[in-house]
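>>> Need a 3D model of the following:
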Amino acid sequence: MSRAISTILGGALLLTSVASAAQAGGLERNGYNWDLLFDQERFASEAGVIYVMPDRKIKNAVDTNPLNGTGSDGIGGGATSVDETPNYTVPRFGAKVGLTPEADCLATYSQPWGVHTNPGYDWVGANENIETKIKSNDYGLTCSYKFDMTKGYVRAIGGVSYQEVSGFKRRLVNGLLAQTPFAAAGFDGTGLLDLEADGVGWRVGASYEIPEIAFRASLIYNAEIDLGQINGTVDLTEIPAILAGPTGNPFVGQVTDVYGTATMPQSVEFKWQTGIAPDWLAFGTVKWVDWSVLQVVAFCPTVTKSLGSCGPSSPFRLTSLDLMFQDGWTVSAGIGHKFNEQWSGSAQISWDRGTSTGLTTQTDTYLLSGGVAYTPNKNVELRVGGAVGVLTAGSFGPTDCPGNQPCGTEVTYDFGDDFVSALSISGKVKF
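As a prediction, this is how the structure comes out:
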C-alpha cells in the first residue's frame, strides 16, 4: 500500500472509532476494532483515547408510584428536569506483529461496553435511578492468514477475547424515610446493587484485499460472551432494619450476596474501503449487534441458588436491571483525501438505530464526524478527530417485561432532540 493511501486511511479509521463511541447503543462504548490487523508493516502499535460529551436531558418527569414516596423527599420534592449522562472517556491500545509474510497477529485492550447515567438524588425519579454505571475490560488476540489470489489476496481471520464486566446501580428504595426521624440519623433510604462477572468469547471472519488500490472488504462475526454467574451484593443498610418488621423485607438493613446470569451480545460487522481517484478514498460500515439478548437481568439471594434458577419470574428475585433492549444497527459512509505528503483528512456520516424500547434514553443517533492525520515520516502517524450529532427524542415509562413483572413503573419522563459531541486523539508507530 502506498504511503499516500496509508495516510488517508489513518484519518478514516479514526472516524470509525469516534463515531462508534459517540453513538453508543445498548451498553456499547467502542465495540470491537480490528483495523490494525490489516496494516501492511510487519510491526504496528496504536494507542488512542476518545472523549464523548452527550448532552441528554430528562424533562417533564412525574413520580408515578406513591407507595414508596413521591419525589426524593417523600412528598413530591425534587426536580422534574435533570441532566442524565456525564461525559466519558474511552481508551484503546493495540499491537500487531507479522509472524510470517502470510500470518499476522494483533493483541488489543479496549473497553467495548459501558454506560453511566447520573441524574442524582434530588429529582422525582430517584426511585427509578440515582446513578448507574457499567464498565468493561476486553483483552483480545486476533490472528489472520493470507492466501494469494490472481489479484490481491483473501485473509482468514480468527481470535479470542477475555472480558471483564462490573458496575453498580443506586436508587431510592424508600422515599418515605425522608419524612421520619431516621433521616436525621443519616439514613437516606437508598439501595445499591454491585456486580461483577467475566467470560470468554471468540470471533471469525474473512477479508478480500487489493492493496494497490486500497480495496478491502471484510466481514467479521463476534460470538456472544456468556458471563456465566454474575456475582454481586445488594446493600440496603441505608434503611433501618427495624422497618422490616416481623413480616417485612428480611433484606432491609443488611448487605446480601446475590447472583444472576447474562450474556454480552454477538455482532456482525461488514466494512469496505476503496480508492476512487488519485489521493481519494471511500469507506463505509454496516454493523448489527444482538442487544435484544439483554432484557431483564434478575438478581436473587445467593442462599437461594439451590432452590432454583434466578430469572425474571423467580419467586426469589430481589432486584433486577431492566433493559429491554432491541437489536442495534449502525450504518456509516465517508470519504478521505490526501492534501500533501504529510496531511490528509476524512469526513463521515453515520446513523445508529436506537436500542431503547421504553426503558432507556438510547434512541436513534445521527452523527457527522471529521478528522485529520499527520505523518511526519513513514514510521509515525498522529490523528485528531471530532464528531457532532443529534440524540433523537423519546420517552420513558411503563414497559411490558418478561416474568409478569412490570418495568418502568416508578417514573415517566420525556427527552428531546439532544446534542452529542466527541473528540479523539491517537498515535501510531510502525516499522
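>>> how near is Ser350 to Tyr366?
8 Å (Cβ to Cβ, to the nearest Å). C-beta: built from backbone N, CA, C; applies to glycine.
>>> neighbour-wise, which of the two wins?
Ser350 (24 against 16; other Cβ atoms under 10 Å).
>>> Hmm, that one is touching Ser369, no?
Yes: at 7.2 Å, Ser350 counts as touching Ser369 under the criterion of Cβ atoms under 8 Å.
>>> Count the residues that sit near Ile239.
For Ile239, using other Cβ under 10 Å, the count is 23.
>>> Leu27 too?
24.
>>> cool, and Pro91?
Pro91 has 12 neighbouring residues, counting by other Cβ under 10 Å.
>>> measure it to Glu341 for me?
Distance from Pro91 to Glu341, counting by Cβ to Cβ: 30 Å.
>>> And Asp83, by the same measure?
Distance, Asp83 to Glu341, by Cβ to Cβ: 45 Å.
>>> can you check Glu196 too?
Distance from Glu196 to Glu341, by Cβ to Cβ: 49 Å.
>>> okay, the two: which has more neighbours?
Taking other Cβ under 10 Å, Glu196 and Glu341 do not tie; Glu196 has more neighbours (14 against 11).
>>> For the stretch 101-250 of the chain, which segments count as helices?
181-184 (DSSP state H, counting those that start in this stretch).
>>> Can you list the low-confidence ranges for it?
Applying pLDDT under 70 to the stretch 101-250 of the chain flags residues 245-247.
>>> Run through the strands of it in chain order.
103-110, 115-117, 131-148, 153-172, 190-210, 215-222, 225-235 (DSSP state E, counting those that start in this stretch).
>>> Quick one: neighbours of Lys59, just the number.
Per other Cβ under 10 Å, the neighbour tally for Lys59 reads 12.
>>> With the one 3 residues further on instead?
Each residue near Val62 was counted by other Cβ under 10 Å, and the total is 13.
>>> Could I get the pLDDT score of it?
Val62 is assigned a predicted lDDT (pLDDT) of 97.
>>> wait, isn't it in contact with Val411?
Yes: if you go by Cβ under 8 Å, Val62 and Val411 touch, sitting 6.6 Å apart.
>>> bridging residues for the closest residue to Thr70 other than its chain neighbours?
The spatially closest residue to Thr70, leaving aside those adjacent along the chain, is Asp63, at 4.4 Å (Cβ to Cβ, 6 or more residues apart in numbering). Counting by DSSP bridges, Asp63 is bridged to Val411.
>>> Report the separation between the closest residue to Thr357 other than its chain neighbours and Val297.
Among residues not flanking Thr357 along the chain, Met324 sits closest, at 4.8 Å (Cβ to Cβ, 6+ apart). Separation of Met324 from Val297 (Cβ to Cβ): 11 Å.
>>> Please apply the same query to Ala107.
Noted for Ala107: a distance of 31 Å to Val297, by Cβ to Cβ.
>>> The two: which is more packed in?
Neighbours were tallied for Ala107 and for Val297 using other Cβ under 10 Å; the higher tally belongs to Val297 (20 against 17).
>>> thinking again about what came up before, which one of the strands of the stretch 101-250 of the chain lies nearest to Val258?
strand 225-235 (5.2 Å; Cβ to Cβ).
>>> so what strands line up beside that closest one?
According to DSSP bridges, strand 225-235 forms sheet pairs with strand 190-210 (antiparallel), strand 255-264 (antiparallel).
>>> Return the alpha-carbon coordinates of stretch 403-420 using CSV.
The C-alpha coordinates for stretch 403-420 follow below in CSV (Å, rounded to 0.1, in the frame of the first residue of the first chain):
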residue,chain,number,x,y,z
GLY,A,403,-42.0,-12.9,34.1
ASN,A,404,-45.2,-10.8,34.6
GLN,A,405,-43.0,-8.2,36.3
PRO,A,406,-43.9,-4.6,35.3
CYS,A,407,-40.9,-2.4,34.4
GLY,A,408,-40.6,1.4,34.4
THR,A,409,-43.4,2.0,36.9
GLU,A,410,-41.6,4.4,39.2
VAL,A,411,-41.4,7.5,36.9
THR,A,412,-42.4,8.8,33.4
TYR,A,413,-40.4,11.4,31.6
ASP,A,414,-39.6,12.8,28.1
PHE,A,415,-36.4,13.8,26.4
GLY,A,416,-36.0,15.9,23.3
ASP,A,417,-33.5,16.0,20.4
ASP,A,418,-30.2,16.5,22.3
PHE,A,419,-26.7,17.3,21.2
VAL,A,420,-23.7,15.0,21.4
